[in-house]
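[1] Got a predicted structure plus its sequence, pasted below:
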Amino acid sequence: MSDELSSILDGQPERLASGFIFTEGPVWHPNGFLYFVDIRRSHLLQWAPGQQAHVVRENTGEGNGLTFDLQGRLVMCEGGNRRVARTESDGAITVLADRWRGKRLNRPNDVVCHSNGNIYFTDPQGRLPREERELGYSGVWRIDPNGRLHLATDECEYPNGLAFSPDESVLYVAITRLDERCLGEKERGEVCAHQKIRAFDVAPDGSLRNNRIFADMSSAEPGVPDGMKVDTAGRVFCTGSGGIWIFDKDGRHLGTLRTPEVTANCAFGGSDYRTLFLTSSTSIQTVRVKTPGVKVPWARRTTVAR
């Protein structure tokens, strides 16, 4: 491990649980447990220290990205259902977004909540057959606190993971690929030059401005830019080829944490938020870090009973 990685990481990945098909969407609950999904089985699962992972919801419609809103309600991107939905305190499911001006969304993928209540989610069209695409573009969308849907930007090729800078002034968007030609490049072991992270300034009205390239993640290895999280020092942890790519706040690549399986997402958690949970294909892994991760807004502003 390089000196720079040694200054960030406090050990190597360890496996917590296995036997899944494709894990994704990790988010830490302040009460001391992790939510994550097994996309292929359409399961929402929960894991806590000393316990076995168990299913808490079935038939999620290929549930993917997860977060909490400002009231602590779980918000999920349901890719197969082509919608974003919220789980109420009584277990009822409320649809937050599924159409834009009468046209169905593509396949909502990842989701984050701003401390002002705005919820942003990605909606790439690349995994949807062309004949089923109604919008005709990929988007990053915003659900305002009143429940209204807004197109935040259509300037992303294949928007996937999302993360805010610590002060929430910048929204990072992982770009998985350009189009189907990139899939062929990866299959042939060629470098895909379209793997990157974009950055947008978050305006006071919630709109996204100043689209720019934050980091280049070009690679021929298995894995693509996907889930992201940010620590309190502003470092960006993005899953990608070979493992977790770590960048400083200026986009400089500090190194890559190699993982034994392709890793699709990550989340900070634990009592000190210095545990990084990794959803790595068939398993859940964990690695300790030296700087805490940024909490979701609800966890920052709410005292949660233990």
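    Thanks, I have it. What you are looking at is a predicted structure, and each value in this text was computed from that prediction instead of being measured. Numbering: from 1, shown residues only.

[2] C-alpha coordinates for stretch 206-224, PDB please?
    The C-alpha coordinates for stretch 206-224 follow below in PDB (Å, rounded to 0.1, in the frame of the first residue of the first chain):
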ATOM      1  CA  GLY A 206     -31.200  23.700  -6.300                       C
ATOM      2  CA  SER A 207     -30.300  23.800 -10.000                       C
ATOM      3  CA  LEU A 208     -26.900  22.400 -11.200                       C
ATOM      4  CA  ARG A 209     -24.400  24.600 -13.000                       C
ATOM      5  CA  ASN A 210     -20.800  24.700 -14.200                       C
ATOM      6  CA  ASN A 211     -20.600  21.100 -15.500                       C
ATOM      7  CA  ARG A 212     -16.900  20.000 -15.500                       C
ATOM      8  CA  ILE A 213     -14.700  17.000 -15.300                       C
ATOM      9  CA  PHE A 214     -13.600  16.300 -11.800                       C
ATOM     10  CA  ALA A 215     -11.600  13.100 -12.300                       C
ATOM     11  CA  ASP A 216     -10.600  10.800 -15.100                       C
ATOM     12  CA  MET A 217     -11.100   7.100 -14.300                       C
ATOM     13  CA  SER A 218     -10.200   5.500 -17.700                       C
ATOM     14  CA  SER A 219      -9.300   1.900 -17.400                       C
ATOM     15  CA  ALA A 220      -9.400  -1.500 -19.100                       C
ATOM     16  CA  GLU A 221      -9.900  -3.500 -15.900                       C
ATOM     17  CA  PRO A 222     -13.300  -4.900 -14.800                       C
ATOM     18  CA  GLY A 223     -15.400  -2.400 -12.900                       C
ATOM     19  CA  VAL A 224     -16.800   1.100 -13.800                       C
END
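
[3] List the buried residues in it.
    For stretch 206-224, the neighbour count (16 or more other C-beta atoms under 10 Å) marks 206, 208, 214, 215, 217, 219, 223, 224 as buried. (Glycine included, C-beta is placed from N, CA and C.)

[4] doesn't residue 177 make contact with the last one?
    Yes. The pair residue 224 and residue 177 qualifies as a contact (C-beta atoms under 8 Å) at a distance of 6.4 Å.

[5] Pick the one among the buried residues of stretch 206-224 closest to residue 49.
    Nearest to residue 49 among these: residue 223, at 27.8 Å, using C-beta to C-beta.

[6] ok, now how distant is that closest one from residue 118?
    The gap separating residue 223 from residue 118 is 30 Å, by C-beta to C-beta, to the nearest Å.
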